[in-house]
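**Student:** Structural data only, the sequence is not supplied:
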């Protein structure tokens, strides 16, 4: 990046937000802060509670799908469309 352009961007940045922090340092700080926030979100989702809830939901969905499959197979057998081996 051109040195004059960097200086101009820093000048615009400091005038608009009233800060004396160079744009590179502020960008680096904001990036680090965002990374920490994202990591906190990921850590929250990895908690034992969430995993237990997800497992229970998946088990329930599996039972529902198995019941639907059995119902559909029985219906097809009743109409003579499917013959089970």
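**Tutor:** Right, received. Where do you want to start? Computed from a predicted structure; not experimentally measured.

**Student:** What about residue 10, how many residues nearby?
**Tutor:** Neighbourhood size, residue 10 [other Cβ atoms under 10 Å]: 16. C-beta: built from backbone N, CA, C; applies to glycine.

**Student:** could you give the mean pLDDT of whichever strand or helix holds it?
**Tutor:** For residue 10, the element it lies in under DSSP states H and E is helix 3-17. Helix 3-17 carries an average pLDDT of 69.

**Student:** following that helix, which helix or strand comes up?
**Tutor:** helix 23-45.

**Student:** That following helix - contacts with which helices or strands?
**Tutor:** Here helix 23-45 touches helix 3-17, going by 3 or more Cβ pairs under 8 Å, 6 or more residues apart in numbering; DSSP states H and E.

**Student:** please redo it, this time with the cut-off set to 10 Å
**Tutor:** Applying 3 or more Cβ pairs under 10 Å, 6 or more residues apart in numbering; DSSP states H and E, we find helix 23-45 packed against helix 3-17, helix 48-78.

**Student:** relative to helix 48-78, how tilted is that helix?
**Tutor:** Helix 23-45 runs at 60 degrees relative to helix 48-78, counting by axes from the mean of the first three to the mean of the last three Cα atoms, to 10 degrees.
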